[in-house]
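*Asks:* Next one to model:
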Amino acid sequence: MTALKKLKWSFEGDKAIWTILFLMSILSLAAVYSSTGDLAFTKLGGDTEFFLYRRVIILAIGWIAAYITHKIPVRYIKIIAAVTLVLIIPMLIINLIVGSRWAEIPVVNISFQFSEVAKIALLVYTSSQLAYHKNNLDDYGTFLKLIIPVIIFSTLIFIVDFSTAALIFFTNFVLIFMGRAKLRHIFAIAFIMIIFGVSLYQLIRNYPDFGRFSTWNNRIESYLNEDKRVNDGNYQITQSKIAIAGGGLLGKLPGKSTQRYFLPEAHNDFIYAIIIEEYGSLIATGLMFLYLILLYRSIRIFLKSERTFNKLVVLGIGFAISFQAMINMGVSVGLFPVTGQTLPAISQGGTSVLVTFTAIGIIQAVTAEQNKNSENETAEAYE
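*Replies:* Here you go, the predicted structure:
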């Protein structure tokens, strides 16, 4: 067996998902390199290669994280997720106090976004609790045990990063629903959240200059007054639409983007617009389908799994990644207000890449365990 074959077979789990991650990595490398052209000239004196090398390193770390994670036994993944949640609580509190979504890690001087870690760790924890309490989901006390951690982490993140807090709450809420929690409990929380949302909207509109309300109000104004130059949000959406319109079906070709010099956060929040401009709507639609295929493969694994935790954690992660991708794409084309959410596995953010690749590793760990169990059952049947 050649070294290449050994490498191939050392990657366990769903081959289609590994292929999706590989294709996204290639597109990410090209898209980030092109979209950071403005940053290279304004901050690094024209050193365009810096962001290319940086991206290669980030993707390499992401693949290492995915590979290591998918080799970890599933029972340990539950423990690691629970410990991780406990460890990041102090960091989230510090972020809340200083009013920043980023935390500077001492010694290495690296900025890290712990709210990104909470996205996946909390999904794993919620899945484990749903599996543990699967026979007591009728009990209101059990439902509180499921929803309170979600509320706590969403609240800790809410002030400094509203969109991430909303995403964390929604994805875990959907997971709890899929875990067959009682509908009366689901509807009760949904009703409370509707009241909270309406009240928050009124507060933002009435006190637009209070704290983060200013940013949120600007995004609301941008979305509701799309054709008027109200604030920076309109500028971002306008430049994004210009990029999309210029791309057409086949695009301007890689490296030919002009909007990367005008579109803020072209390498992060609006990288999808740059992909359309350079590679065309055909490739961009293909990228969208990669996320949908990831969700489809996750659903297939969900349906085949026999263990409750395995079912839920795969479905939860697959849904969370795909849903975030749809939100990011929707923002780029003007369907949703500006949120600040990255395009998973594609945007420049290092924390986002590390967390997304680790999440894929968790899916593959579950799939690999399931495949091994099926093989053992088949072998026993022939003995």
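
*Asks:* Which parts of stretch 149-169 count as buried, going by neighbours?
*Replies:* Neighbour-count burial for stretch 149-169, counted by 16 or more other Cβ atoms under 10 Å, picks out 149-151, 153-154, 156-158, 160-169. All C-beta spots, glycine's among them, are computed from the backbone N, C-alpha and C.

*Asks:* Got the phi and psi for Lys256?
*Replies:* The phi/psi pair for Lys256 (degrees, to the nearest 10) reads phi -100, psi 10.

*Asks:* Count the neighbours of it for me.
*Replies:* 13 (other Cβ atoms under 10 Å).

*Asks:* Please name the nearest non-neighbouring residue to it.
*Replies:* Glu278 (6.0 Å; Cβ to Cβ, 6 or more residues apart in numbering).

*Asks:* Contacts only, for that neighbour.
*Replies:* By Cβ atoms under 8 Å, 6 or more residues apart in numbering, Glu278 lies in contact with Ala31, Ser34, Gly247, Gly251, Lys252, Leu253, Pro254, Gly255, Lys256, Ser257.

*Asks:* For the second one, which three-state class applies?
*Replies:* Following DSSP: H, G, I helix; E, B strand; the rest coil, the label given to Ser34 is helix.

*Asks:* For it, which non-adjacent residue is spatially closest?
*Replies:* Gly255 is the one closest to Ser34 (Cβ to Cβ, 6+ apart), at 5.3 Å.

*Asks:* now the one you found, what's its secondary structure?
*Replies:* Gly255 ends up coil, using three-state DSSP.

*Asks:* From Ala245, how far out is the residue nearest to Lys256?
*Replies:* Computed as Cβ to Cβ, to the nearest Å, the Glu278 to Ala245 distance reads 13 Å.

*Asks:* and if you look at Pro73?
*Replies:* Distance of Pro73 to Ala245, given as Cβ to Cβ: 50 Å.

*Asks:* got it, and Ile168?
*Replies:* Using Cβ to Cβ, one obtains 34 Å as the distance from Ile168 to Ala245.

*Asks:* same thing with Ser127?
*Replies:* As judged by Cβ to Cβ, Ser127 and Ala245 stand 42 Å apart.

*Asks:* ok, now Asn136?
*Replies:* The gap separating Asn136 from Ala245 is 54 Å, by Cβ to Cβ.

*Asks:* Ala81 now?
*Replies:* Note on Ala81: its distance to Ala245, by Cβ to Cβ, is 43 Å.

*Asks:* In a strand, Ser111, correct?
*Replies:* Yes: assessed by three-state DSSP, Ser111 belongs to a strand.

*Asks:* Tell me how many other residues crowd it.
*Replies:* The tally of other residues near Ser111 (other Cβ under 10 Å) stands at 13.

*Asks:* Setting the sequence-adjacent residues aside, check what's closest to it.
*Replies:* Closest residue in space to Ser111, ignoring its immediate chain neighbours: Trp102 at 4.6 Å, by Cβ to Cβ, 6+ apart.

*Asks:* try Val313
*Replies:* Nearest residue to Val313, sequence neighbours excluded (Cβ to Cβ, 6+ apart): Ser127, at 4.0 Å.

*Asks:* Tell me if I'm right that that neighbour and Ser305 touch.
*Replies:* No: with contact defined as Cβ atoms under 8 Å, Ser127 does not reach Ser305; the gap is 11.3 Å.

*Asks:* quick one, which of the two is more surrounded?
*Replies:* More neighbours surround Ser127 than the other of Ser127 and Ser305, with 30 against 20 (other Cβ under 10 Å).

*Asks:* give me the element that one is part of.
*Replies:* helix 114-132 (DSSP states H and E).

*Asks:* In contact with Met288, which residues are there?
*Replies:* Neighbouring residues of Met288 by Cβ under 8 Å, 6+ apart: Ala325, Met326, Met329.

*Asks:* mind checking how far it is from Phe270?
*Replies:* Between Met288 and Phe270 the computed distance is 15 Å (Cβ to Cβ).

*Asks:* what's the answer for Lys252, then?
*Replies:* From Lys252 to Phe270 the distance is 16 Å (Cβ to Cβ).

*Asks:* between these two, who's got more neighbours?
*Replies:* Between Lys252 and Phe270, Phe270 has the larger neighbour count (other Cβ under 10 Å), namely 27 against 18.

*Asks:* does that one really touch Ser332, like I thought?
*Replies:* Yes: shown here, Phe270 and Ser332 form a contact pair, counting by Cβ under 8 Å, at 5.5 Å.

*Asks:* Need the overlap of contacts for the two.
*Replies:* Ser240.

*Asks:* Which of the residues in stretch 285-298 are classified as buried?
*Replies:* By 16+ other Cβ under 10 Å, the buried positions in stretch 285-298 come out as Leu287, Met288, Leu290, Tyr291, Leu294, Leu295, Arg297, Ser298.

*Asks:* Most widely separated two among these?
*Replies:* Within those, Leu287 and Ser298 form the most distant pair, 17.3 Å apart (Cβ to Cβ).

*Asks:* quick one on the thing from earlier: list the contacts of the residue nearest to Ser111.
*Replies:* Contact analysis of Trp102 by Cβ under 8 Å, 6+ apart lists Asn95, Ser111, Phe112, Gln113.

*Asks:* That one and Thr171, how far apart?
*Replies:* 22 Å.

*Asks:* same deal with Gly141?
*Replies:* Gly141 sits 23 Å away from Thr171, going by Cβ to Cβ.

*Asks:* Can you show me the helices along the stretch 151-300 of the chain?
*Replies:* For the stretch 151-300 of the chain, the helices defined by DSSP state H, counting those that start in this stretch cover 162-178, 183-206, 213-224, 232-247, 271-304.
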